[in-house]
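**Q** Compute the structure for the input listed below.
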Amino acid sequence: MNARLPSPGLIGLLRPALLGTVCAALAACDDAAPSAQLPGLTLLSAQDVAADPMPGNDDALRRVHYRDLHGEGVLVLERSAAVIDDPAGSGSLDVAILTARLYVRSGPRKGWTKQWQRQIRQPCAAPVLEAAWLLQHVGATDLDDDGQAEITLASHTFCGNGSGPHQLHVSLIDGSTGYGIEGETRLDAAGQARFDGERHQSPSLASAPPVFVQHLEKVWSALGDTSTTHARQAH
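**A** Numbers count the residues shown, from 1 in each chain. Prediction:
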């Protein structure tokens, strides 16, 4: 398996009452959707946005725009590519780069400030290189009802040819604290997906609020279904 360079900080069953809240949050922000008012959190659509430019590049894969007790936030998801020299000295490597940035401002007429950035970089010398944000699992929530938005990120990467492992990444970022799970799923010799590869949790998850742990576990389980579909398509 080719070496992975996991991003720092990318390393969670929901309370029934929160299930609808989280589903709504993870479905934001469709340009045509109206605002979704959640306890302590408002998810904003393009109809709610003033004419001032939004942060991020024009080719951003998705923006999640919300308002919480601190003001406004915009999560911007992007994918880019690069070519680097192979450290082993055997030519060059293609690199897929997944980038998530959170921008915040205290009011509608204030300037945007980048609060944090997370990246996953997947170098690859093999024929097949994949890297994708799993957008249906990305969003903003207020699971602990403290009025501050948490951000959920989920992604999938692969480098190989055959039935090598597909890497999974899921994280929840609450303010300056990140919680996460990383691992892999495989295909067996018959081409059937197995969600039984390695799994690593961030040390912070041991002391995370139970609702965060339940959320991450739920998303992680859902990632297994999503990623095995990608795995079958790649082989």
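**Q** Which stretches in the chain count as strands?
**A** Taking DSSP state E, the strands of the chain run over residues 36-38, 41-44, 62-68, 71-85, 92-105, 113-124, 128-133, 139-141, 150-160, 166-174, 177-187, 193-194, 199-201.
**Q** Please identify which of these is closest to L223.
**A** Taking Cβ to Cβ, strand 166-174 is the member of these nearest to L223, at 5.0 Å. C-beta coordinates here come from the backbone N, C-alpha and C atoms, glycine included.
**Q** quick one: average confidence on that closest one?
**A** For strand 166-174, the mean pLDDT works out to 94.
**Q** For it, name the packing helices and strands.
**A** strand 113-124, strand 150-160, strand 177-187, helix 210-234 (3 or more Cβ pairs under 8 Å, 6 or more residues apart in numbering; DSSP states H and E).
**Q** so what secondary structure elements neighbour the second one?
**A** Packed against strand 150-160, as judged by 3+ Cβ pairs under 8 Å, 6+ apart, are the following elements: strand 92-105, strand 113-124, strand 128-133, strand 139-141, strand 166-174, helix 210-234.
**Q** ok and that strand relative to strand 113-124, angle-wise?
**A** Here the directions of strand 150-160 and strand 113-124 differ by 20 degrees (axes from the mean of the first three to the mean of the last three Cα atoms, to 10 degrees).
**Q** so D68 bridges to which residues?
**A** Under the criterion DSSP bridges, D68 forms beta bridges with G71.
**Q** for this structure, which spans come out with low pLDDT?
**A** 1-39, 46-51, 162-163, 186-197, 224-235 (pLDDT under 70).
**Q** So for R63, which of the helices and strands packed on strand 166-174 sits nearest?
**A** With Cβ to Cβ as the criterion, R63 lies closest to strand 150-160 of these, at 12.3 Å.
**Q** Quick check: can you name the pairing partners of that closest one and their directions?
**A** Sheet pairing for strand 150-160, using DSSP bridges, gives strand 128-133 (antiparallel), strand 139-141 (antiparallel), strand 166-174 (antiparallel).
**Q** so can I have CSV of these showing mean neighbour count and distance to A208?
**A** Output for the strands paired with strand 150-160, formatted as CSV (neighbours: other Cβ atoms under 10 Å; distance: least, Cβ to Cβ, whole Å):
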stretch, mean neighbour count, distance to A208
strand 128-133, 18, 23
strand 139-141, 27, 14
strand 166-174, 24, 8
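**Q** Reformat the ones you listed into CSV and put distance to H156 next to each item.
**A** Below are these laid out as CSV (distance: least, Cβ to Cβ, whole Å):
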stretch, distance to H156
strand 128-133, 5
strand 139-141, 17
strand 166-174, 6
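**Q** of all the ones you listed, which lies closest to R105?
**A** Here strand 139-141 is closest among these (Cβ to Cβ), at 15.1 Å.
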